[in-house]
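**Student:** I need the structure of the sequence given here:
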Amino acid sequence: MSLLNQKTLKNSVQFNGVGLHNGKFVNLFIKPAEPDTGIVFKRVDLKHNNLVYPSFLNVSNTSLNTTISNDFGVKVSTIEHLMGALFSLGIDNAFIEIDNDEVPILDGSAKEFIEKILATDFVVSNKPIKIIKINKKIEFEDGERIISIEPSKLSLDIEFELKYNNEIIGNQKNKINVYNDELKDILNSRTFCLYEDVEAIKKIGLAKGGSLDNAIVVKGSHILNKDGLRNSKEFVNHKILDCIGDLFTSGYRIIGSVKCSQGGHYLTNKLLRKVFSDNSNFSIIEIREKNLPHTLINRSLLRSIA
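**Tutor:** Purely as a prediction, here's the structure:
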């Protein structure tokens, strides 16, 4: 069966921990789903109107996380790291049962999601994966922040630039090919903040579950986490992880080249809304294995599950 066909998990996988922003303990199960289901969140703590779909159109908040909501106001927040893990592993269909309104932050990256999901088997269907190819350059600007996507041959490239007035973070750049490059440093990179911003973030009701166990905290020229950084570009790499997860709210594998400077959840969502506002911006690709020889999931991760 083709690796270009839709995949789901063979068995359920469980996670639990605190939400980064609400500070509440949460249980989460990722369960198998039928082809063409897509990714569906189910708030099992609620009896009615409890399905929430991670579509860019359902994104209701982009302040320090990506939150999705349904028409009844039921929400699930901080979905981006889990969505990034699912996209990178090529999981097209899954039911995600969750008993609170925020995905557990775990270690602040996608590392634990990846490791547990890789430990289970996968089921490959006879339905082809869903792919769009970007036809022309689309751009969104917000002051000095800018994001764009333009055509590429057969890849999803993400080039990200981060600028911070801090000597540790400073200016960082990285560029990856999502379907070909080794993604370990991207998927293992943790969320971060400046020490001086912590109190301001908490005053607006966020980061109640934040700690040095799930976030990098930078104070002046020092990293407060005792083990330091996991890789030399962990700050910008985490932004790329967020971008991958947010792009998956499109519901498609994407063939295109993304460039972003000073961006985040808000810019990525605005870009997707602009892309899908005009059907001439993209083409839906029908798979023909003769002219599309490689799976549109990361090859190094694929070797781990082969």
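**Student:** secondary structure element for the residue nearest the centre of the chain?
**Tutor:** Closest residue to the average C-alpha location of the chain: Gly245 at 1.5 Å, with C-alpha atoms, centre = their mean. Assessed by DSSP states H and E, Gly245 sits inside helix 234-247.
**Student:** can you list the helices and strands that that helix packs against?
**Tutor:** The contact analysis (3 or more C-beta pairs under 8 Å, 6 or more residues apart in numbering; DSSP states H and E) places helix 234-247 against helix 80-89, strand 156-163, strand 171-177, helix 184-187, strand 192-194, strand 253-261, helix 265-275. Any C-beta I mention is one placed from the backbone N, CA and C, and that applies to glycine too.
**Student:** picking that back up, wait, doesn't the residue nearest to the centre of the chain sit right on Thr66?
**Tutor:** Yes - between Gly245 and Thr66 there is a contact under C-beta atoms under 8 Å: 7.2 Å.
**Student:** so what sits against both of these two?
**Tutor:** Shared contacts of Gly245 and Thr66 (C-beta atoms under 8 Å, 6 or more residues apart in numbering): 79-80, 83.
**Student:** list the buried residues of stretch 7-20.
**Tutor:** 7-9, 13, 15, 17-20 (16 or more other C-beta atoms under 10 Å).
**Student:** for that stretch, what is the average pLDDT?
**Tutor:** Per-residue pLDDT values over stretch 7-20 give a mean of 97.
**Student:** make 825 the starting number, not 1.
**Tutor:** Let's use 825 as the start, then, which means that last one is stretch 831-844.
**Student:** and that stretch, how far out from the chain's middle?
**Tutor:** Offset of stretch 831-844 from its chain centre (C-alpha atoms, centre = their mean, to the nearest Å): 15 Å.
**Student:** one step back: how about the buried residues of stretch 831-844, which pair is most distant?
**Tutor:** Largest separation among the buried residues of stretch 831-844 by C-beta to C-beta: Lys831 and Val842, giving 29.5 Å.
**Student:** which regions of the stretch 825-974 of the chain sit below the pLDDT cut-off?
**Tutor:** Applying pLDDT under 70 to the stretch 825-974 of the chain flags the ranges 825-827.
**Student:** where does Asp916 sit: helix, strand or coil?
**Tutor:** Of the three states, Asp916 takes coil under DSSP: H, G, I helix; E, B strand; the rest coil.
**Student:** got a list of what it touches?
**Tutor:** Listed by C-beta under 8 Å, 6+ apart, the contact partners of Asp916 are 830-832, 859, 862-863, 953-954.
**Student:** pLDDT score for the nearest residue to Ile958 once chain neighbours are set aside?
**Tutor:** Closest residue to Ile958 apart from its sequence neighbours, by C-beta to C-beta, 6 or more residues apart in numbering: Gly1080 at 3.5 Å. At Gly1080, the model reports a pLDDT of 98.
**Student:** try Ile1028
**Tutor:** Per-residue confidence at Ile1028 stands at 88 (pLDDT).
**Student:** how much space between it and Val883?
**Tutor:** Distance of Ile1028 to Val883, given as C-beta to C-beta, to the nearest Å: 19 Å.
**Student:** more neighbours: which of the two?
**Tutor:** The residue with more neighbours, out of Ile1028 and Val883, is Val883; 22 against 10, by other C-beta atoms under 10 Å.
**Student:** quick one: that one from Ser1045, how far?
**Tutor:** Applying C-beta to C-beta, the value for Val883 to Ser1045 is 36 Å.
**Student:** what's the neighbour count on Thr1073?
**Tutor:** Neighbours around Thr1073, by other C-beta under 10 Å: 25.
**Student:** what's it sitting at in phi/psi?
**Tutor:** Backbone torsions for Thr1073, taken as degrees, to the nearest 10, come to phi -70, psi 0.
**Student:** contact partners for it?
**Tutor:** Thr1073 touches 878-880, 882-883, 890, 892, 907, 1093, 1096, counting by C-beta under 8 Å, 6+ apart.
**Student:** show the backbone phi and psi for Ile854.
**Tutor:** Dihedral angles of Ile854 (phi, psi; degrees, to the nearest 10) stand at phi -100, psi 120.
**Student:** hang on, it packs against Ile922?
**Tutor:** No - at 9.7 Å, Ile854 does not count as touching Ile922 under the criterion of C-beta under 8 Å.
**Student:** just give me the neighbour total for Glu939.
**Tutor:** Glu939, neighbours per other C-beta under 10 Å, totals 12.
**Student:** and what about it, helix, strand or coil?
**Tutor:** On the three-state scheme (three-state DSSP), Glu939 is labelled helix.
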